[in-house]
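Chemist: this is a predicted model, with the sequence first.
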Amino acid sequence: MLGYAVTDTVFLGPLEPWQADEFLAHTERGRDFLGPWLPWVDNVVDEAGALAFLRRYADLHQRDAGHIFGLRDDGHLVGGLVFRTFDVAAGTAELGVWLEPAATGRGLITRAADVLIEWAFRTRGIQRIEWLAATTNQASIRVAERLGMTREGVMRSAFPHRGERPDLEVWALLAEEHRGPVDPVAREERGDQ
Ligand SMILES: CC(C)(COP(=O)(O)OP(=O)(O)OC[C@H]1O[C@@H](n2cnc3c(N)ncnc32)[C@H](O)[C@@H]1OP(=O)(O)O)[C@@H](O)C(=O)NCCC(=O)NCCS
C-alpha cells in the first residue's frame, strides 16, 4: 500500500474513486458515530453517493483545491482526513478528520493530522490551517488543542444539519506557530523541547 507510516500498522494514503466500495463500507461502520458531526455522511448511503463524494475530492485534488486521505490499519480503512479547502495563492487551508469508533483513543488522528500539517506548511507554503468543530464536539476540540491550534472564536448558526444550525468553534494554526510533530517520539528525534 502506498502511504506514510503513522504507526507500525497504520498508513496514511490515497482514497480514490475506485475505492468507493471500501469507503461505503467504512462509512456504514462509522455512520452512527460520525453522522451527528459530518454532513457528508448523510449523502454517502449507497455506492453512487460514495463515488460522488470521492469524485468531488478527485476533482479538487486535480485542481490542487482540496485533498482527501485514507487512514488504514492493517490495510483496513478506519478513518480519513480532508483538506476541505486548499488555497495556495491565499496560503489557507481547512482540515477535517474522522475515525471509526474502533480506531479512536490511540492518537491516530492527531499523528496523521500532524503529518498533513507538516506537508501543508513546509512543502506547500500554506500559512494558516483552520479547524472547525461544533461547540459540542469535545473530541474534535481536544484534537485541535493537541495540535497546538488557537481557538479564535465561534461561527454562530454556521450551516443546516439534521434540522439544526450548529455553532462552530474556529481553531487555527499559523505556519510560524508550528513547532513540528506533536508526537513526543518524533519531537525527541527532531531535538525539539
Ligand atoms: C474527532 C475524532 C477523530 C477524534 O478521535 P480521537 O481518537 O479522540 O483522536 P486521536 O486519534 O488523536 O486520539 C486521541 C486519544 O488517544 C489518546 N492517545 C493515545 N496515544 C496517543 C498519542 N500517541 N498521541 C496522542 N493521543 C494519544 C489520547 O489521550 C486521546 O484520548 P482521550 O481523548 O481519551 O484523551 C473522533 O472523535 C471522530 O471521528 N469523531 C467524529 C467525527 C468528527 O467529529 N470529526 C471532526 C469534525 S471537526
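Modeler: Everything's here; your move.

Chemist: going by proximity to the ligand, name the top residue of the chain.
Modeler: Nearest to the ligand, among the residues of the chain, is residue 107, at 2.4 Å (C-beta to the nearest ligand atom). Backbone N, C-alpha and C define where each C-beta goes, glycine included.

Chemist: need the phi and psi values for that residue.
Modeler: When read as degrees, to the nearest 10, the backbone of residue 107 gives phi 80, psi 10.

Chemist: how about residue 56?
Modeler: phi -60, psi -40.

Chemist: pLDDT score for it?
Modeler: The confidence metric pLDDT takes the value 98 at residue 56.

Chemist: mind saving the C-alpha coords of the top strand by length along the chain as CSV?
Modeler: Ranked by residue count under DSSP state E, the longest strand found in the chain is strand 76-87. Only the C-alpha atoms of strand 76-87 are listed here, as CSV (Å, rounded to 0.1, in the frame of the first residue of the first chain):
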residue,chain,number,x,y,z
HIS,A,76,-8.5,-1.7,6.5
LEU,A,77,-9.9,1.8,6.1
VAL,A,78,-10.5,3.2,9.6
GLY,A,79,-10.6,6.9,9.1
GLY,A,80,-10.0,9.8,6.8
LEU,A,81,-8.6,13.3,6.6
VAL,A,82,-9.6,16.1,4.2
PHE,A,83,-8.3,19.5,3.2
ARG,A,84,-11.9,20.7,2.6
THR,A,85,-10.3,23.8,1.2
PHE,A,86,-6.7,24.3,0.0
ASP,A,87,-5.8,27.7,-1.4
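
Chemist: pairing partners for that strand, with directions?
Modeler: According to DSSP bridges, strand 76-87 forms sheet pairs with strand 67-73 (antiparallel), strand 92-99 (antiparallel).

Chemist: turn those into JSON lines, including distance to residue 84 and mean neighbour count.
Modeler: Formatted as JSON lines, these follow (distance: least, C-beta to C-beta, whole Å; neighbours: other C-beta atoms under 10 Å):
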{"stretch": "strand 67-73", "distance to residue 84": "9", "mean neighbour count": "22"}
{"stretch": "strand 92-99", "distance to residue 84": "5", "mean neighbour count": "22"}
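
Chemist: now tabulate the ones you listed in a markdown table and tack on distance to the ligand and mean pLDDT.
Modeler: A markdown table is the format used below for the strands paired with strand 76-87 (distance: least, C-beta to the nearest ligand atom, whole Å; pLDDT from 0 to 100):
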| stretch | distance to the ligand | mean pLDDT |
| --- | --- | --- |
| strand 67-73 | 9 | 98 |
| strand 92-99 | 4 | 98 |
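
Chemist: export those to a markdown table and tack on distance to residue 119?
Modeler: A markdown table is the format used below for these (distance: least, C-beta to C-beta, whole Å):
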| stretch | distance to residue 119 |
| --- | --- |
| strand 67-73 | 9 |
| strand 92-99 | 10 |
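
Chemist: between these, which one is closest to residue 36.
Modeler: strand 92-99 (11.4 Å; C-beta to C-beta).

Chemist: so which residues make contact with the closest one?
Modeler: Outside strand 92-99, the residues that touch it by C-beta atoms under 8 Å, 6 or more residues apart in numbering are 30, 34, 37-38, 71, 78-87, 108-109, 112-113, 116-117, 120, 126-132, 140, 143.
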